[in-house]
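[1] predicted coordinates and the sequence they were generated for:
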Amino acid sequence: MKALIVAFAFAMYTFRLFAEVSNVFFIHGANVNEPDARIWASQMFKKLWWAGAKMNFIPVAWESDIGPSYNYQVNVSNAFVTAQRLAPMINATPGRNVVIAHSLGTVVGASAIQDHGARVDKFIMLNSAIPSEAFDPSLADLSPTNKLVHDEWTGYTNACWAAQWHTLFPTNDARGMLTWRGRFANVAPIAVNFYSSGDEVLEIYPNAHNPGWYNGFSPSGNWGERYSWHKQELYKGRKTMLGFIGTTEWSGWGFKENAIGLRAWSEDDANAVVDLSMFATNMVFNPYPASITNAVATRMETDFHLAQGIPALSTPTGRTNLWHKRIPSFDMNTAEFMTNAWPRPDDGELGGRFLHSDIKNIAYAFVHPVFRKIVEVGGLNQ
């Protein structure tokens, strides 16, 4: 009788081992209010379920719509705050954990894993807004021809850019962590990148260093979000000059000024500096707020400065193939993933693209190959 009980217990354990489904945590992106978060969750659950996912689906609604839509960088800061709160919830959930995140939600997921020890088996990024240098530092382009460099800075040595300031300090100094380069390197082994070469929000404006606020708008108003990630990065630190449109006051591409409002450094003076350590304390960029100079700032404080005051020098992950970093990467803007006749009317050059939020907005009949691939690479069909 005792042997029978042991055999039965073993059989039940084996069934549980192979029948156990994954916990899927879904994290939406920026500028999503509570009702829209419910819509996102509903759409993602149904499409994953139809694609064959066996899962416990756990939607994560977070405050990603602080202020107006152009207040994006404040919401990046809050993504880091949310990550700290989310990680314990993930770790308290028994079983296999898969995080699926869209756009700015990928910062929440990546930080939860990298910074707070979230126990995640697979991290699936959809149209990720993370600068690609966070996974591959070599993608940071330090040349003045980089379209992510503000045109008023192309004549200055890159040694004085805010995005290069971290190189003047050791890594145990908080100022040495003020960079996107390698920020989420530890996440790479479990990451999968679903990007779109047709993503309009993450698209880099090709015609000039400085896209105007009106670039990307169409007469019909349907392209209003085009190039918005580029604009947000390019106008960090420029709020006092351009008003409220997609900018911050924090460091970035803003210049330090003297008492009468003129630039403290000219191009010639900055380029003539031989001892680059001078830029550690006598910055060419505007060192605002003053807390950016705190050598013993916490990781969270540093991330606030990173989010709002340190520009990216690389394309967003959601527009970048990262297979070379052994991160599986799938371009959703291809015939492999866009089945049948794409349902959007041909409104200029964006009509046939897989756009930033098409993962939600386009019917399952057209995007089901994407979801089947998510189920496959996420191990959700076990």
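    Received, thanks.
[2] so where's the stretch 251-382 of the chain uncertain?
    Scanning the stretch 251-382 of the chain for pLDDT under 70 picks out 347.
[3] which of the residues in stretch 106-114 are buried?
    Neighbour-count burial for stretch 106-114 flags 106-114 (criterion: 16 or more other Cβ atoms under 10 Å). Yep, even glycine has a C-beta here, placed from its N, CA and C like the rest.
[4] out of those, flag the one nearest to residue 293.
    Nearest to residue 293 among these, counting by Cβ to Cβ, is residue 111 at 23.4 Å.
[5] looking at the buried residues of stretch 106-114, spot the one nearest residue 321.
    residue 106 (16.0 Å).
[6] secondary structure element holding that closest one?
    Secondary structure assigned from DSSP states H and E places residue 106 in helix 105-116.
[7] same thing with residue 368?
    Short version, using DSSP H and E: residue 368 is in helix 364-377.
[8] that helix - contacts with which helices or strands?
    If contacts are counted by 3 or more Cβ pairs under 8 Å, 6 or more residues apart in numbering; DSSP states H and E, helix 364-377 sits against helix 34-50, strand 122-126, strand 191-195, helix 358-361.
[9] pipe the buried residues of stretch 106-114 into JSON lines and attach pLDDT and distance to residue 78 per row.
    Compiled in JSON lines, the buried residues of stretch 106-114 are given as follows (pLDDT from 0 to 100; distance: Cβ to Cβ, whole Å):
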{"residue": "106", "pLDDT": "98", "distance to residue 78": "14"}
{"residue": "107", "pLDDT": "98", "distance to residue 78": "10"}
{"residue": "108", "pLDDT": "98", "distance to residue 78": "9"}
{"residue": "109", "pLDDT": "98", "distance to residue 78": "14"}
{"residue": "110", "pLDDT": "98", "distance to residue 78": "15"}
{"residue": "111", "pLDDT": "98", "distance to residue 78": "11"}
{"residue": "112", "pLDDT": "98", "distance to residue 78": "13"}
{"residue": "113", "pLDDT": "98", "distance to residue 78": "18"}
{"residue": "114", "pLDDT": "98", "distance to residue 78": "17"}
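[10] for the residues you listed, which one is nearest residue 153?
    Nearest to residue 153 among the buried residues of stretch 106-114, with distances taken as Cβ to Cβ, is residue 107, at 25.1 Å.
[11] which ones are touching the nearest residue to residue 294 once chain neighbours are set aside?
    Distances taken as Cβ to Cβ, 6 or more residues apart in numbering place residue 174 nearest to residue 294, at 6.1 Å, with adjacent residues excluded. Shown in contact with residue 174 (Cβ atoms under 8 Å, 6 or more residues apart in numbering): 294-298, 301-302.
[12] in TSV: the buried residues of stretch 106-114, plus distance to residue 70.
    TSV is the format used below for those (distance: Cβ to Cβ, whole Å):
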residue	distance to residue 70
106	20
107	18
108	20
109	24
110	24
111	23
112	26
113	29
114	28
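[13] quick check: domain ranges of the protein?
    According to automatic domain parsing, the chain comprises the domains 21-138+180-202+318-382, 141-179+205-314.
[14] rewinding a little: mind checking which of the contacts of residue 174 are in strands?
    Among the contacts of residue 174, no residue falls in strands (DSSP state E).
[15] which of those are buried?
    Looks like the contacts of residue 174 have 297, 302 buried, using 16+ other Cβ under 10 Å.
[16] just the ones of the contacts of residue 174 in helices?
    Within the contacts of residue 174, residues falling in helices by DSSP state H are 301-302.
[17] out of the contacts of residue 174, flag the one nearest to residue 186.
    Nearest member of those to residue 186, counting by Cβ to Cβ, is residue 302, at 16.5 Å.
[18] now do the contacts for that closest one.
    Per Cβ under 8 Å, 6+ apart, neighbours of residue 302: 174, 177-178.
[19] for residue 252, same thing?
    162, 235-238, 285-286, 308-311.
[20] mind redoing it with 7 Å?
    By Cβ atoms under 7 Å, 6 or more residues apart in numbering, the residues touching residue 252 are 162, 236-238, 309, 311.
[21] got phi/psi on residue 100?
    Per-residue torsions, residue 100: phi -120, psi 120 (degrees, to the nearest 10).
[22] what's the closest residue to it other than its chain neighbours in contact with, if anything?
    Nearest in space to residue 100, with sequence neighbours left out and distances taken as Cβ to Cβ, 6+ apart, is residue 124 at 4.5 Å. The contact partners of residue 124, by Cβ under 7 Å, 6+ apart, come to 98-100, 192, 194, 374, 378.
[23] surely residue 83 is in contact with residue 104?
    No: applying Cβ atoms under 7 Å as the test, residue 83 and residue 104 come out as separate, 11.4 Å apart.
[24] buried residues in stretch 278-295, which are they?
    Within stretch 278-295, the residues that count as buried by 16+ other Cβ under 10 Å are 279, 283-288, 292.
[25] and of these, the nearest to residue 315?
    residue 285 (22.1 Å).
[26] now the strands for the stretch 51-200 of the chain?
    Under the criterion DSSP state E, counting those that start in this stretch, strands of the stretch 51-200 of the chain are mapped to 55-60, 97-102, 122-126, 191-195.
[27] quick check: mean pLDDT of the last one?
    The average of the pLDDT scores along strand 191-195 is 98.
[28] residues in contact with the helix or strand just after it?
    Where DSSP H and E defines the elements, the next helix or strand beyond strand 191-195 is helix 228-234. Contacting residues not belonging to helix 228-234 are listed as 72-73, 129, 148, 150, 201-202, 204-205, 210-211, 246, 253, 311-312, 316 [Cβ under 7 Å, 6+ apart].
[29] least trustworthy position among those, going by pLDDT?
    residue 246 (52).
[30] rewinding a little: any chance of JSON lines for the strands of the stretch 51-200 of the chain, columns distance to residue 333?
    Supplementary listing: these in JSON lines, determined by distance: least, Cβ to Cβ, whole Å:
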{"stretch": "strand 55-60", "distance to residue 333": "26"}
{"stretch": "strand 97-102", "distance to residue 333": "16"}
{"stretch": "strand 122-126", "distance to residue 333": "13"}
{"stretch": "strand 191-195", "distance to residue 333": "8"}
